[in-house]
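Undergrad: Turn this into a structure:
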Amino acid sequence: MMTQLSTQHGSLLVSELVTVIKSNRDYLSEIDGAIGDGDHGINMAKGFTLCGEKLNERQSLAEAFDTLSDALMEGIGGSMGPLYGSFFMGMADNIRSKSALTASDFAAMLRAGLTELQDISEAGVGDKCLMDTLIPAVEIAEQRADEGYTVMLQAIRNAARQGRDSTKDLVAKIGRASRLGERSRGVLDAGAVSCCLLLEQMAASAQQQLLTETA
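TA: Next comes the predicted model:
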């Protein structure tokens with residue numbers, strides 16, 4: 001397996017993110033309906049579909065993340081557009097000059113996305129939101145990057161799933177669901193679920209690309 005991930009075919013990875021969100025549209029809205037507006041999947045699918053229409057095969061990973069960021073900023077109402085838009089923008093800016101990414105570069109890219117997101121959100125682990133998924137995944141990526149891509153990507157998947165699942169027992173501290181207090185306990189947070197889907201798909205896509213480039 002290759003030790004560096006090429007950034008030259010970014011539209012492929014991002015198109016797979018588009019597919020995973022579109023295929024989980026109803027599931028995400030169903031989860032959101034328990035304690036939110038019930039439109040998370042609809043809004044996310046709208047933004048990611050818009051991105052899919054604007055991607056082209058010649059885009060680098062940074063350019064494809066730019067396209068996704070712009071589509072989410074423009075295409076999604078509420079808070080999720082700016083939040084996810086900032087995340088992908090931060091990652092794009094971090095890798096703009098790189099033709100290939102080591103495992104450490106990949107972890108640094110995730111950290112840059114999180115940092116950009118934290119510029120507009122003070123939410124953290126325990127608030128029952130996407131940060132419960134994202135922060136542990138970024139931290140484990142940084143901790144395991146020295147062990148190479150295979151170990152790191154699996155660790156990202158595991159941390160994302162654990163973070164997602166942890167939201168079930170939490171009381172919402174932010175957003176519309178926070179008005180429900182204790183009644184928000186017992187269901188997953190839709191943002192944490194969509195973040196887990198995205199991180200798992202990014203890891204899977206990176207793994208597949210590394211294997212393909214080796215073959």
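Undergrad: Where do the helices of this protein begin and end?
TA: In the chain, helices defined by DSSP state H lie at 10-23, 25-35, 40-54, 61-75, 80-95, 103-118, 131-144, 149-166, 190-214, listed in chain order.
Undergrad: low-scoring stretches of this structure, by residue?
TA: 1-2, 215 (pLDDT under 70).
Undergrad: got the contact list for the nearest residue to L55 once chain neighbours are set aside?
TA: Among residues not flanking L55 along the chain, S11 sits closest, at 4.5 Å (C-beta to C-beta, 6 or more residues apart in numbering). For the C-beta atoms, the positions are set from N, CA and C on the backbone; glycine is no exception. Listed by C-beta atoms under 8 Å, 6 or more residues apart in numbering, the contact partners of S11 are L55, N56, E57, R58, Q59, A64.
Undergrad: Identify the residues contacting the last one.
TA: So the one you mean is A64. Residues near A64 by C-beta under 8 Å, 6+ apart: G10, S11, L13, V14, L55.
Undergrad: ok, now how distant is the residue nearest to it when sequence neighbours are not counted from A190?
TA: Excluding its sequence neighbours, the residue lying closest to A64 (C-beta to C-beta, 6+ apart) is G10, at 3.4 Å. In this view, G10 and A190 are 27 Å apart by C-beta to C-beta, to the nearest Å.
Undergrad: How about V125?
TA: Distance, V125 to A190, by C-beta to C-beta: 17 Å.
Undergrad: Selecting buried members of the contacts of A64 in PyMOL, what would you type?
TA: Of the contacts of A64, the buried ones can be selected in PyMOL as follows, counting by 16 or more other C-beta atoms under 10 Å:
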select buried, resi 10+11+13+14+55
